[in-house]
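Asker: Have a look; sequence and predicted model below, questions after that.
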Amino acid sequence: MSIAFTFPGQGSQSVGMGKDLAYAFPEARAVFQEVDDALDQKLSEIMWNGPEETLTLTANAQPALMAVSIATIRVMEARGLKLADTVSYVAGHSLGEYSALCAAGTFSLADTARLLRIRGNAMQSAVPVGEGAMAAIIGLEHGDVETICRDASAAGVCQIANDNGGGQLVISGSKAAVKKAAALATEKGAKRAIMLPVSAPFHSALMSPAADAMRHALAQVNKRAPVVPLIANVRAAPVTDASEIVDLLVSQVTGQVRWRETVEWFAANGVTELYEVGSGKVLTGLARRIDKTVSGTTINTPADIETALAAILG
């Protein structure tokens with residue numbers, strides 16, 4: 001049995017996340033306190049009590065989701081899990097890549113929280129509100145959507161942001177171009193082409209100011225090689241060199257999250273168990289649609305932790 005840990009991205013947040021962990025485990029409470037201190041904000045209060053619209057703000061959702069993932073990891077480590085001994089790879093969806101790297105020791109918890117706050121603010125401010133858009137295209141192949149984005153790009157930036165597998169691709173860019181692409185997708189036979197209620201065109205070339213901000217921020221923090229290889233979003237292949245990881249994190253801001261290929265890489269390289277560590281179960285659902293030979297399990301409650309530890313440690 002080969003195991004990989006995956007870490008969720010934006011959209012997996014919910015009011016109350018992590019509260020049961022904090023109540024049950026001192027290690028989790030310590031993580032939430034350290035994140036609050038690093039950000040000089042009671043982020044944990046927003047996570048547990050809302051309001052939802054405040055938690056959903058990019059600058060809050062990103063460090064909050066990371067905090068829940070790392071709280072879960074710390075609880076498991078206190079109960080005998082040694083990541084380097086039991087897990088073959090880590091990966092995270094967009095911001096989840098930072099959670100994966102924190103879990104694997106590349107960044108400290110405090111630095112990760114601050115990096116994600118910078119990332120969230122930079123992504124939010126990169127494009128004036130209303131100028132960018134994203135849309136989900138359901139039921140077309142990757143190549144078809146690439147062609148549609150090319151055809152729509154006369155109206156502005158338009159590119160694939162996320163390849164989530166199971167016939168689900170997300171496109172991002174200038175509002176006019178994304179709307180044009182959604183219409184073209186419907187004409188091409190897409191089951192659905194849905195404009196998404198997002199505040200910015202994430203993972204598109206329009207995010208280049210945010211990529212510059214992250215290049216600068218990442219240069220300021222200490223980093224180490226991860227204790228297990230990271231399967232990087234923009235490469236869908238393993239990387240262990242810390243400086244290369246930084247370059248890929250910068251590229252990720254404007255590049256495609258290749259999640260379908262990541263899960264396919266796991267399946268082709270002997271991974272049989274994917275554990276989604278943190279809030280929600282989005283990645284577990286995606287994995288099921290991408291490759292049924294890989295088993296998916298979520299770890300986000302005290303009971304989940306107990307069950308996962310019994311399965312992993314025996």
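Answerer: Nice, I can see it.
Asker: alpha carbons only for contacts and neighbour counts from here, please
Answerer: Noted.
Asker: Give me the nearest residue to Gly166, chain neighbours excluded.
Answerer: Of all residues not flanking Gly166 in the chain, Arg289 sits nearest, at 5.1 Å (Cα to Cα, 6 or more residues apart in numbering).
Asker: what's in contact with the helix or strand encompassing that neighbour?
Answerer: Here Arg289, judged by DSSP states H and E, is contained in helix 282-290. Outside helix 282-290, the residues within contact range by Cα atoms under 8 Å, 6 or more residues apart in numbering are 6-8, 12, 164-166, 260, 263-264, 274-276, 294-298.
Asker: Tell me the buried residues in it?
Answerer: Buried residues in helix 282-290, counted by 16 or more other Cα atoms under 10 Å: 282-284, 286-290.
Asker: Over to stretch 51-71?
Answerer: Residues of stretch 51-71 classed as buried by neighbour count (16+ other Cα under 10 Å): 55-56, 58-71.
Asker: Dump that stretch to PDB, restricted to CA.
Answerer: Taking C-alpha atoms only, stretch 51-71 is exported to PDB below (Å, rounded to 0.1, in the frame of the first residue of the first chain):
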ATOM      1  CA  PRO A  51     -19.800  35.300   9.200                       C
ATOM      2  CA  GLU A  52     -19.500  33.100   6.100                       C
ATOM      3  CA  GLU A  53     -18.900  36.100   3.800                       C
ATOM      4  CA  THR A  54     -15.800  37.100   5.900                       C
ATOM      5  CA  LEU A  55     -14.400  33.600   5.900                       C
ATOM      6  CA  THR A  56     -14.900  33.300   2.200                       C
ATOM      7  CA  LEU A  57     -12.700  36.300   1.500                       C
ATOM      8  CA  THR A  58      -9.700  35.000  -0.400                       C
ATOM      9  CA  ALA A  59      -7.200  36.500   2.200                       C
ATOM     10  CA  ASN A  60      -9.000  34.700   5.000                       C
ATOM     11  CA  ALA A  61     -10.000  31.400   3.300                       C
ATOM     12  CA  GLN A  62      -6.500  30.600   2.200                       C
ATOM     13  CA  PRO A  63      -4.700  30.600   5.600                       C
ATOM     14  CA  ALA A  64      -7.800  29.200   7.300                       C
ATOM     15  CA  LEU A  65      -7.900  26.100   5.100                       C
ATOM     16  CA  MET A  66      -4.200  25.600   5.600                       C
ATOM     17  CA  ALA A  67      -4.700  25.900   9.400                       C
ATOM     18  CA  VAL A  68      -7.300  23.100   9.500                       C
ATOM     19  CA  SER A  69      -5.100  20.800   7.400                       C
ATOM     20  CA  ILE A  70      -2.000  21.400   9.500                       C
ATOM     21  CA  ALA A  71      -3.900  21.100  12.700                       C
END
